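A.B. asks: this one's sequence-less:
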């Protein structure tokens, strides 16, 4: 069964069987997007062994010690350790101004790359997506890991793929960045590689609305048998080259866009999966984010495993799979690490040792998203409605697992009195008392766009919610709908593509 894991991917990878994955497509995070880091920081479980992959601290030192110990009995870890020692010599002085950021990140990524190599089948491949700030460092790490075994007599590195795209950016004293790097490696020389399709032959491409470069009118002529005629473009052979310039970034208004900061177009991962795997193969994304690779794998009838440590990412992925394919967690795919029913929620609450994880998970059930005003170092976390017309509403959600009492209300009142939040939600397993409701009723209402809403609200989580998520409206009053609007299945990606002016 397909699996979606919540948690630190290193521990999860170490529990996956050797050579059981046919293809890895992943886009690890780095420091090039502050919005992305903010999005993750306010919604993640804390990694107990590596709390900050961008600072050289005691956790990074402990991870390096662990790598050294594993290197004694594992040739792959030995190759990693020697490579990291080489980076130490090069980066020790240059990296001090950034608190050892690069050394910390490479120490974070190193063991994860080793585990990815281990789980990859002998005919397997990996596509690792990264930007220009890190790709050259990661490539050296991968060279050390993938080619550590001299007996293979093969070159694991196959391509440095340049994904070229057009974006709007401000003028500055440097050239505008308009590409990412995708590193393509294979486990052995006996790997799957089927010639990829041109972009216009992919089912995701909106073939009946291609824009003519002259008059901008939709054209798509058919032959006498009703088949679409081929249209020649400047990027006709992009699928055969290591520069992919026929797939654009996601436009702001395209329905595929789900609000995840680093979301990539499905067509990008469709090309990787179609080329380097077969029907029924297992595709792994250990940094699955908003679920783009899983989406493409599902569409192409591959099995998949997704891992991420962001509660928000899990929520977006679940909605994506439901809206596009009608898949339900725990029924159509296995969910590991986060609850899918009331019994699992209570078990999750008993086992939880990480701050705010349960509250954050509950906030995503209401389809709240981290607010732009959130401070990563401050408690409580601010959330907002997933609605651009109402995203200025500031919401705090706290889950209390013990029996509700008036004492729990008083700290929440302070968030209202000091104007930290517009609406505060107290989430419980048991019904709140009449005294608590009386306190809430005495608080002045929140005025928003001519309407009034209670500033302190209560939500009792029961089995009813898991059977009927819309039942939450029986208890909560918000400025607008809380749940996702289903994605229209007819909406498809329209990539940014250029055409020859002399097409015939």
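C.D. replies: Okay, I see it. Computed from a predicted model, the values in this text were never measured in an experiment. Numbering: from 1, shown residues only.

A.B. asks: Which element, helix or strand, includes residue 414?
C.D. replies: Under the criterion DSSP states H and E, the helix or strand holding residue 414 is helix 406-417.

A.B. asks: just residue 464 next, same as before
C.D. replies: Assigned by DSSP H and E, residue 464 belongs to helix 463-467.

A.B. asks: circling back: which secondary structure elements does the helix holding residue 414 sit against?
C.D. replies: Using 3 or more Cβ pairs under 8 Å, 6 or more residues apart in numbering; DSSP states H and E as the contact criterion, the neighbours of helix 406-417 among helices and strands are strand 395-400, strand 423-428, helix 434-442, strand 456-460. Using the backbone N, CA and C atoms, a C-beta is placed for each residue, glycine as well.

A.B. asks: Do a quick rundown of the helices in the stretch 201-350 of the chain.
C.D. replies: Secondary structure of the stretch 201-350 of the chain (DSSP state H, counting those that start in this stretch): helices at 266-276, 292-299, 311-325, 342-351.

A.B. asks: Next one: the spatially most central residue of the chain from residue 336, what distance?
C.D. replies: Within the chain, the residue whose C-alpha comes closest to the C-alpha centroid is residue 289; the distance, by Cα atoms, centre = their mean, is 0.8 Å. For residue 289, the distance to residue 336 under the criterion Cβ to Cβ, to the nearest Å works out to 17 Å.

A.B. asks: right, so of the helices and strands packed on helix 406-417, which gets closest to residue 165?
C.D. replies: The closest of the helices and strands packed on helix 406-417 to residue 165 is strand 395-400. By Cβ to Cβ, the value is 34.5 Å.

A.B. asks: Flag the shaky bits of the stretch 1-150 of the chain, pLDDT-wise.
C.D. replies: Scanning the stretch 1-150 of the chain for pLDDT under 70 picks out the ranges 31-54, 93-99, 150.

A.B. asks: mind redoing it with 80?
C.D. replies: 30-55, 92-99, 149-150 (pLDDT under 80).

A.B. asks: Helices of that one, residue ranges please.
C.D. replies: According to DSSP H, counting those that start in this stretch, the helices that the stretch 1-150 of the chain contains are 9-13, 34-41, 58-71, 75-94, 101-119, 135-146.

A.B. asks: List the buried residues in the fourth one.
C.D. replies: Of the residues in helix 75-94, 76, 77, 78, 79, 80, 81, 83, 84, 87, 91 count as buried by neighbour count, 16 or more other Cβ atoms under 10 Å.

A.B. asks: of these, closest to residue 423?
C.D. replies: residue 91 (46.7 Å).

A.B. asks: For the closest one, which residues are in contact?
C.D. replies: Residues in contact with residue 91, defined by Cβ atoms under 8 Å, 6 or more residues apart in numbering, are 100, 102, 103.

A.B. asks: Go through the helices of the stretch 201-350 of the chain and pick out the most buried.
C.D. replies: Scoring the helices of the stretch 201-350 of the chain by mean neighbour count under mean count of other Cβ atoms under 10 Å gives helix 292-299 as the most buried, with a mean of 26.

A.B. asks: who does it touch, helix- and strand-wise?
C.D. replies: Helix 292-299 sits against strand 21-26, helix 266-276, strand 282-285, strand 303-308, helix 311-325, with contacts defined as 3+ Cβ pairs under 8 Å, 6+ apart.

A.B. asks: gap between the two ends of stretch 439-459?
C.D. replies: Looking at stretch 439-459, the gap from its leading to its trailing residue is 15 Å under the measure Cα to Cα, to the nearest Å.

A.B. asks: Next: stretch 371-388.
C.D. replies: Counting by Cα to Cα: the opening and closing residues of stretch 371-388 are 11 Å apart.

A.B. asks: Next, the residue nearest to the centre of the chain: phi, psi?
C.D. replies: Main-chain torsions, residue 289, degrees, to the nearest 10: phi 50, psi -120.
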